[in-house]
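**Q** pasting the sequence and the predicted model now:
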2 protein chains.
Amino acid sequence: MNLKELAHTLGLSQTTVSRALNGYPEVSETTRRRVLQAAEQHNYRPNTRAKALATGRAMTIGHVIPVSTKHEMVNPVFADFISGAAEVYAAHGYDITMSVVKDADEAGAYRTLAAKSAVDGVIVHAPTTDEPRIALLTELGLPFVVHGRASQVTLPYSWLDVNNRRGFQRATEFLVDLGHHRIGLINGLEHLDFAIRRRQGYLAGLAQCGLQPDAALMTTGEMTESYGYLAAGRMIDAPHPPTAFLASSIIVALGARRAIEERGLVMGRDISIIAHDDDLSYFRNDETEPMFTALRSSVKEAGHRTATMLLAKISGTDQTPQQQLMEVEMILGRSTGPAPIGLARERQRS
Amino acid sequence: MNLKELAHTLGLSQTTVSRALNGYPEVSETTRRRVLQAAEQHNYRPNTRAKALATGRAMTIGHVIPVSTKHEMVNPVFADFISGAAEVYAAHGYDITMSVVKDADEAGAYRTLAAKSAVDGVIVHAPTTDEPRIALLTELGLPFVVHGRASQVTLPYSWLDVNNRRGFQRATEFLVDLGHHRIGLINGLEHLDFAIRRRQGYLAGLAQCGLQPDAALMTTGEMTESYGYLAAGRMIDAPHPPTAFLASSIIVALGARRAIEERGLVMGRDISIIAHDDDLSYFRNDETEPMFTALRSSVKEAGHRTATMLLAKISGTDQTPQQQLMEVEMILGRSTGPAPIGLARERQRS
DNA sequence: TCACAATACCAAAGCGCTTTGGACGACGGG
DNA sequence: CCCGTCGTCCAAAGCGCTTTGGTATTGTGA
């Protein structure tokens, strides 16, 4: 059923039917009701493409999600992020289109999206410190909001970020307060901005407590479980092992935990862990006493908010770039405890 | 840059330019090259909507992904599945559009997609045993392929599934061979077809070995880590605890493992686990000696194959419904071992 | 040399919608 | 009584593309 047919069965012009459906005032209330009812009855939905073509608005948001060439991995946070964003889109009649691209040709993906005029706006995921996409999108004139920030980019742009720096600083200081002097950082890939900020927070925390950083206690990698396992294991087995870890995600923390337990140590007693927690739906760290002490910030809510910002930008409500910084919650769980005293610690390891 | 402008700058008609770009023969090779080059130079991409409107083909595949109303959870396998499917789509010039819907109104989502004629085909995720979407889509005439099967549906339709039944039967028999007589099944939600089949496999395995099933050893739930933890914990604490678990996913298995270790037991010695492993990119169970003994079947590959089937269906290559059954690989890891003898087991627990 | 077929191009219609620029009565004020 | 206004509707253009149904221009065989 299309407009023409619908108009014909109603004995009205397409114009009138279209106006009735779209809430324009030049239609009498009686005919509007008649139209609405007929539309409902025939399950009429305007053809998206025709509508988009006529209005010039695609009513579609693009998400281009990078899959790392290294591990062919797509970051599991996207599922939750998008589910949060999707609620907002749906409420405003927007569709989602996604392109999955090897991170190399991400720029190309945006170019194509813009050239095809397939979307009204996009969300930029996982920005690097000098994220080139920001300049590209500004140049293309395609509305966008960045999930995260790009420290080195000076152009004004809209973003929503988590206060990673503050969070990791707090976590570090918290661990030091518990007596931990050697804290291992199991960070994400450090060309990504969030990872840099986390490291900065970690370093600031150490500095605040008068501790020297140790390069042997800082690692970087793609945030898989194995990575957490290997990185933690390596540090534990090194000459001066840490007594605590800061893990960049729950999944990484699980790996670290595995490394700890495999060595007969007990998490929260022999070695503490604090994890950043994106509050993923299938991995809730929220029992009466959470498994991990964590810096929690819901990625789903971030999706929700980012989408809201983007739609505001598209509708022209927000002309000037907007920023939102979400603070993390620090959740106390079972993975942290006072640093073991040296001797006890040594006994554990032998 | 649109067709009109491009044609104008070239001093050609839109017809010719369009034909040159789309590989029609009524264009001289010299002009074709000229056109192609100009298009390249101006980064011209035909407007998706206009093209779709003119051709009647949306060049878009719909994925409607359900978010469970219960835990607001979106199944983490989608990320990998879609990344597999996306490669195929991209290679054939198709876009992806996704709708995220509370599982309640999934039917509505498909209806809308069809009425808007927004997609050329869809993939049906997570079918129930009597999946009503199959009848709906057949009625709507929208090409589709089911990822999974629907045991009770008699209509012919295309699907790709993993041999869950066989896998779980094998795993069960393997555990029995190791001396396990009480095996706990930590299954997914059993209105979903794959979960039913897994249970059937489990029961068949027990029967094959002459063992009676015990209702206390079978649980059902949404496949989160907490669920695995709680379900396993409950069984372990019951009067006649199992000596092995069959877990419906790696994430669930991690929960089970946590329950085991929290009780001072050792996985693979005191209690064994076999998990179904979707081979998720951020959770690879594939070190030299994998953490879990597992039934592995790559969900990314499933996405790849399902997408291929769907495109074949859309292009009309496959008129008759096609089926594909993927066998699981059984991977030996560290989570299984012989059943402990009664006494030793008791000593462990006290 | 002429007719006929390729060859290489073009004008215009059409996809399903929105939106501009009216038309046509009814109504009310001067 | 007439004119301007308002309310209600419609015809047609236009969004950017594809595709049908041409028209010139060239090459070919008789």
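**A** Here it is on my side, so go on.
**Q** residues near A:P239, how many?
**A** A count of nearby residues for A:P239, using other Cβ atoms under 10 Å in any protein chain shown, gives 5. Yep, even glycine has a C-beta here, placed from its N, CA and C like the rest.
**Q** how about the helix or strand hosting A:A7: buried residues?
**A** A:A7 belongs to helix A:3-10 when elements are defined using DSSP states H and E. Buried residues in helix A:3-10, counted by 16 or more other Cβ atoms under 10 Å in any protein chain shown: A:3, A:6-7, A:10.
**Q** can you tell me the closest non-neighbouring residue to the closest residue to chain B within the stretch 251-350 of chain A?
**A** Closest approach of the stretch 251-350 of chain A to chain B (Cβ to the nearest Cβ) occurs at A:S281, with a separation of 3.7 Å. Using Cβ to Cβ, 6 or more residues apart in numbering or on different chains and skipping the chain neighbours, the partner closest in space to A:S281 is B:M73 (3.7 Å).
**Q** per-residue pLDDT, A:G342?
**A** Looking at A:G342, its pLDDT stands at 61.
**Q** what helix or strand is the residue in the stretch 251-350 of chain A positioned nearest to DNA strand D located in?
**A** Here the stretch 251-350 of chain A gets closest to DNA strand D at one residue, A:I314, 17.8 Å apart by Cβ to the nearest atom of the strand. A:I314 belongs to helix A:299-315 when elements are defined using DSSP H and E.
**Q** with just CA atoms, put that helix into PDB.
**A** C-alpha atoms of helix A:299-315 as PDB (Å, rounded to 0.1, in the frame of the first residue of the first chain):
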ATOM      1  CA  VAL A 299      28.000   2.400  28.500                       C
ATOM      2  CA  LYS A 300      24.400   1.900  27.700                       C
ATOM      3  CA  GLU A 301      23.600   5.200  29.300                       C
ATOM      4  CA  ALA A 302      26.400   6.800  27.400                       C
ATOM      5  CA  GLY A 303      24.800   5.500  24.200                       C
ATOM      6  CA  HIS A 304      21.600   7.000  25.300                       C
ATOM      7  CA  ARG A 305      23.000  10.400  26.100                       C
ATOM      8  CA  THR A 306      25.300  10.500  23.000                       C
ATOM      9  CA  ALA A 307      22.300   9.800  20.800                       C
ATOM     10  CA  THR A 308      20.400  12.500  22.400                       C
ATOM     11  CA  MET A 309      23.200  15.000  21.800                       C
ATOM     12  CA  LEU A 310      23.400  14.000  18.200                       C
ATOM     13  CA  LEU A 311      19.700  14.400  17.500                       C
ATOM     14  CA  ALA A 312      19.800  17.800  19.100                       C
ATOM     15  CA  LYS A 313      22.600  18.700  16.900                       C
ATOM     16  CA  ILE A 314      20.900  17.500  13.800                       C
ATOM     17  CA  SER A 315      17.700  19.200  14.600                       C
END
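**Q** what's in contact with that helix?
**A** Outside helix A:299-315, the residues that touch it by Cβ atoms under 8 Å, 6 or more residues apart in numbering or on different chains are A:61, A:77, A:80-89, A:92, A:94, A:120-123, A:143-145, A:147, A:158, A:160, A:162, A:278-281, A:318, A:322, A:324, A:326, B:72.
**Q** cool, and stretch A:123-130?
**A** Applying Cβ under 8 Å, 6+ apart, the set of residues contacting stretch A:123-130 is A:61-66, A:75, A:78, A:81, A:85, A:131, A:133-134, A:137, A:144-153, A:191-194, A:196, A:306-307, A:310.
**Q** how close does the residue of the stretch 201-350 of chain A found nearest DNA strand C sit to A:D105?
**A** Shortest the stretch 201-350 of chain A-to-DNA strand C distance, computed as Cβ to the nearest atom of the strand: residue-wise this is A:S315, at 13.9 Å. In this structure, A:S315 and A:D105 are 30 Å apart, going by Cβ to Cβ, to the nearest Å.
**Q** follow-up on the earlier one: by contact count, what packs against the helix holding A:A7?
**A** Applying 3 or more Cβ pairs under 8 Å, 6 or more residues apart in numbering or on different chains; DSSP states H and E, one finds that helix A:3-10 contacts helix A:14-21, helix A:29-41.
**Q** and the next helix or strand after the longest one, what's buried?
**A** Later in the chain than helix A:29-41, the nearest helix or strand by DSSP H and E is helix A:48-55. Within helix A:48-55, the residues scored as buried using 16+ other Cβ under 10 Å are A:48-53.
**Q** list of residues touching helix A:48-55?
**A** Contacts of helix A:48-55 from elsewhere in the structure, counted by Cβ under 8 Å, 6+ apart, are A:58-60, A:95, B:47-50, B:52-53, B:58, B:116-118.
**Q** ranking the helices and strands packed on helix A:3-10 by mean neighbour count, which comes first?
**A** Of the helices and strands packed on helix A:3-10, the one with the most neighbours on average (mean count of other Cβ atoms under 10 Å in any protein chain shown) is helix A:14-21, at a mean of 19.
**Q** following the helix or strand hosting A:I236 in sequence, what is the next regular element?
**A** For A:I236, the element it lies in under DSSP H and E is helix A:225-237. Towards the C-terminus, the helix or strand next in line after helix A:225-237, according to DSSP H and E, is strand A:244-247.
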